[in-house]
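# Build me a model from this:
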Amino acid sequence: MDLSTLNLILDIVLVAASIWMVIVVRGIGGIVGRSLTLIVGGAIVLGVAHLVATFAGPGQLNLFDGPTNNFVHRLIVLAGFVLLVFGFRQIRAMND
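Now for the predicted structure:
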């Protein structure tokens, strides 16, 4: 098995883990539920970022050249981290 196949498998595992998170937190209400929804949303965005990096770059769909693919990947990861931060800030607000 070559590394590109292994990377694809890991990308799929990341997205599957984020979907599993959605299933686990489904039904939790209140501020905890809203916080977890944002955190899970961030995890989903992070998983999708890896799939985009895998498929959109050179050698796959060729949507982007190498540097542009890296830049787009980092923008998507940044959006995922922003969602994570907003989710954790809501949890922190419970202590105030």
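# So which bits of stretch 44-57 are buried?
With burial defined by 16 or more other CB atoms under 10 Å, the residues of stretch 44-57 counted as buried are 44-50, 52-54, 56-57. Heads up, the C-betas are built off the backbone N, CA and C, glycines and all.
# then it to CSV, C-alphas only?
What follows is stretch 44-57 as a C-alpha-only set of coordinates in CSV (Å, rounded to 0.1, in the frame of the first residue of the first chain):
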residue,chain,number,x,y,z
ILE,A,44,-16.1,18.2,10.6
VAL,A,45,-14.5,21.2,8.8
LEU,A,46,-11.0,19.9,9.8
GLY,A,47,-11.9,16.5,8.3
VAL,A,48,-13.2,18.0,5.1
ALA,A,49,-10.0,20.2,4.9
HIS,A,50,-7.9,17.0,4.6
LEU,A,51,-10.2,15.6,1.9
VAL,A,52,-10.0,18.8,-0.1
ALA,A,53,-6.2,18.8,0.3
THR,A,54,-6.1,15.2,-0.9
PHE,A,55,-8.4,15.5,-3.9
ALA,A,56,-8.1,19.2,-5.1
GLY,A,57,-4.3,19.2,-5.4
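# Narrow the buried residues of stretch 44-57 to those in helices?
The helices, defined by DSSP state H, take in 44-50, 52-54, 56 from those.
# For those, could you give me a markdown table that also reports pLDDT and distance to G29?
Putting those into a markdown table (pLDDT from 0 to 100; distance: CB to CB, whole Å) gives the following:
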| residue | pLDDT | distance to G29 |
| --- | --- | --- |
| I44 | 92 | 20 |
| V45 | 94 | 23 |
| L46 | 92 | 25 |
| G47 | 89 | 25 |
| V48 | 91 | 26 |
| A49 | 93 | 29 |
| H50 | 89 | 31 |
| V52 | 90 | 32 |
| A53 | 89 | 35 |
| T54 | 87 | 36 |
| A56 | 88 | 37 |
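# I'd like the buried residues of stretch 44-57 as TSV, with distance to V22 appended.
Putting these into TSV (distance: CB to CB, whole Å) gives the following:
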residue	distance to V22
I44	7
V45	12
L46	13
G47	11
V48	13
A49	17
H50	17
V52	19
A53	22
T54	21
A56	24
G57	27
